[in-house]
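Asks: the following block contains a protein sequence and its predicted model.
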Amino acid sequence: MENKNQTDERLRFIRIGSTLAASAIFFPLSGNKVFGALNSNQNENSIPTVKLNNGIPMPMLGFGTNTLTGDIGERSVSEAISVGYRLIDTANIYGNEESVGAGIKKSGIKREELFVTSKLWVDNSGYEKAKKAYQTSLNKLGLEYLDLYLIHRTRGDVKGSWKAMEELYREGKIRAIGVSNFDSDQLSGLMAYAEIKPVINQIETHVFFQQNKLYDVLKEYEVQMESWSPFAASRNGIFNNPILADIGKKSNKSNAQVCLRWHYQRGVVTIPRSSKKAHMIENLDIFDFELTKKDMQTIAKLDLNITQFPEWE
Ligand SMILES: NC(=O)c1ccc[n+]([C@@H]2O[C@H](COP(=O)([O-])OP(=O)(O)OC[C@H]3O[C@@H](n4cnc5c(N)ncnc54)[C@H](OP(=O)(O)O)[C@@H]3O)[C@@H](O)[C@H]2O)c1
């Protein structure tokens with residue numbers, strides 16, 4: 001049973017959610033560009049946030065949890081929060097929502113200080129199933145709401161899923177809704193019937209797959225680009241790449257830090273995963289140096305313009 005304070009807090013949240021929902025009903029491009037637009041009132045020691053197209057702030061750097069299941073998942077999430085992460089990315093298909101929820105609980109952090117994302121898997125696509133799947137994710141996480149809920153992949157009844165998510169959003173049960181792995185055509189298809197514009201498209205992007213065309217489209221739509229596998233999940237020798245190492249040497253930064261800084265300077269949200277506390281800390285330490293224009297141009301040349309995960313195509 002919740003006490004009066006908890007009830008008041010929940011109602012306050014729902015009221016705020018409904019106001020935001022009402023203001024985010026889709027209308028075509030406005031002059032108010034939001035992709036990568038950082039909030040100015042940034043505390044020096046905190047992770048910068050970006051204002052999403054429905055007005056809510058989202059950390060530009062978060063923690064990915066794919067493959068972090070069971071005890072490792074719980075420990076990694078609570079450790080990540082303890083070193084400063086506030087954005088946590090999970091998905092129903094990762095099979096770790098319970099562990100992520102346990103890690104959040106263990107961290108002792110207040111719910112409203114976190115930004116939690118989960119995703120609707122293709123088996124649960126469609127209006128009815130999506131509504132149920134959302135509640136299942138909440139139950140597994142042990143949370144009362146999500147900050148962001150994404151359609152994980154474009155397969156299945158995307159239109160029905162989106163309608164369910166719009167309703168949950170309007171009811172104030174999700175703070176923001178978005179998509180993942182949508183190409184330009186799939187995104188404009190969704191825009192044709194969406195009443196609420198997605199805030200995010202979470203896609204594969206890293207130095208070897210820069211997705212420049214989709215980057216421009218998302219900017220135009222004011223849909224924030226979020227990178228999955230910002231390190232290409234260690235593939236293609238990313239951590240030993242001599243070009244990234246040369247760039248990092250000037251500022252005493254690792255290849256991982258150069259990669260995350262590159263995303264950040266492009267205005268792209270990242271969710272690197274690590275099971276090691278030292279790496280978690282290293283990956284947060286990217287806000288005290290800057291890549292020059294020349295560095296950015298050099299990194300642009302690393303683009304192979306092809307997925308590093310052909311098995312998922
Ligand atoms: N929407 C989608 O379809 C989708 C698809 C894939 C992923 N995602 C999301 O994106 C997140 C990130 O992607 P990812 O998990 O595929 O991989 P990633 O973050 O690109 O790379 C993770 C790998 O990098 C290593 N690593 C992390 N920091 C390091 C550092 N500072 N130095 C050296 N190695 C380091 C990790 O090893 P250690 O554990 O040893 O540090 C791990 O092997 C996922 O966890 C998930 O939340 C979404």
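Replies: Structure's in. What do you need?

Asks: flag every buried residue along the helix or strand harbouring K219.
Replies: In this structure, K219 is located in helix 212-221 according to DSSP states H and E. Buried positions in helix 212-221, judged by neighbour count with 16 or more other Cβ atoms under 10 Å: L214, Y215, V217, L218, K219, Y221. C-beta here means a position set from N, CA and C on the backbone, and glycine is covered the same way.

Asks: those residues: which two are farthest apart?
Replies: Across those, the longest distance by Cβ to Cβ is 11.2 Å; it joins Y215 and Y221.

Asks: and the helix or strand harbouring N139, what does it pack onto?
Replies: Here N139 sits within helix 127-141, counting by DSSP H and E. Under the contact definition 3 or more Cβ pairs under 8 Å, 6 or more residues apart in numbering; DSSP states H and E, helix 127-141 sits against helix 97-107, strand 115-120, helix 158-170.

Asks: go with 10 Å
Replies: If you count contacts as 3 or more Cβ pairs under 10 Å, 6 or more residues apart in numbering; DSSP states H and E, helix 127-141 packs onto helix 97-107, strand 115-120, strand 148-151, helix 158-170.

Asks: format these as JSON lines; extra columns: mean pLDDT.
Replies: Formatted as JSON lines, the helices and strands packed on helix 127-141 follow (pLDDT from 0 to 100):
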{"stretch": "helix 97-107", "mean pLDDT": "98"}
{"stretch": "strand 115-120", "mean pLDDT": "98"}
{"stretch": "strand 148-151", "mean pLDDT": "98"}
{"stretch": "helix 158-170", "mean pLDDT": "98"}
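
Asks: ok, A232 to I281 distance?
Replies: A232 sits 21 Å away from I281, going by Cβ to Cβ, to the nearest Å.

Asks: likewise G55?
Replies: 31 Å.

Asks: next, the buried residues of the helix holding N139.
Replies: K129, A130, K131, A133, Y134, S137, L138, K140, L141.

Asks: tell me which element M280 is part of?
Replies: Counting by DSSP H and E, the element that carries M280 is helix 277-284.

Asks: now that helix - C-alpha only, CSV.
Replies: Output in CSV follows, covering the C-alpha atoms of helix 277-284 (Å, rounded to 0.1, in the frame of the first residue of the first chain):
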residue,chain,number,x,y,z
LYS,A,277,33.9,-0.2,-12.6
ALA,A,278,37.2,1.3,-13.9
HIS,A,279,35.8,1.4,-17.4
MET,A,280,32.5,2.9,-16.2
ILE,A,281,34.5,5.7,-14.6
GLU,A,282,36.7,6.2,-17.6
ASN,A,283,33.7,6.4,-19.9
LEU,A,284,32.2,9.3,-17.8
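
Asks: quick one, the helix or strand following it and helix 212-221 angle?
Replies: Following helix 277-284 in sequence order, the next helix or strand is helix 293-300 (DSSP H and E). Helix 293-300 and helix 212-221 are oriented at 120 degrees to each other (axes from the mean of the first three to the mean of the last three Cα atoms, to 10 degrees).

Asks: tell me the mean pLDDT over helix 293-300?
Replies: Mean pLDDT, helix 293-300: 98.

Asks: who touches it?
Replies: Here helix 293-300 makes contact (Cβ atoms under 10 Å, 6 or more residues apart in numbering) with 207, 210, 212, 241, 243-244, 246-248, 250-251, 258-259, 261-262, 265-266, 290-292.

Asks: go again with 6 Å.
Replies: By Cβ atoms under 6 Å, 6 or more residues apart in numbering, the residues outside helix 293-300 that reach it are V207, I247, W262.

Asks: for the first one, what are its contacts?
Replies: Residues in contact with V207, defined by Cβ under 6 Å, 6+ apart, are C259, I299, L302.

Asks: tally of neighbours for the residue lying closest to R111 once chain neighbours are set aside?
Replies: Among residues not flanking R111 along the chain, L143 sits closest, at 6.9 Å (Cβ to Cβ, 6 or more residues apart in numbering). Number of residues near L143 (other Cβ atoms under 10 Å) recorded here: 19.

Asks: which element is L143 on?
Replies: Assigned by DSSP H and E, L143 belongs to no helix or strand.

Asks: just list the residues touching the residue of the chain found nearest the ligand, thanks.
Replies: Closest to the ligand within the chain is G64: 2.4 Å, counting by Cβ to the nearest ligand atom. Neighbour list for G64: D89, I271, P272, R273 [criterion: Cβ under 6 Å, 6+ apart].
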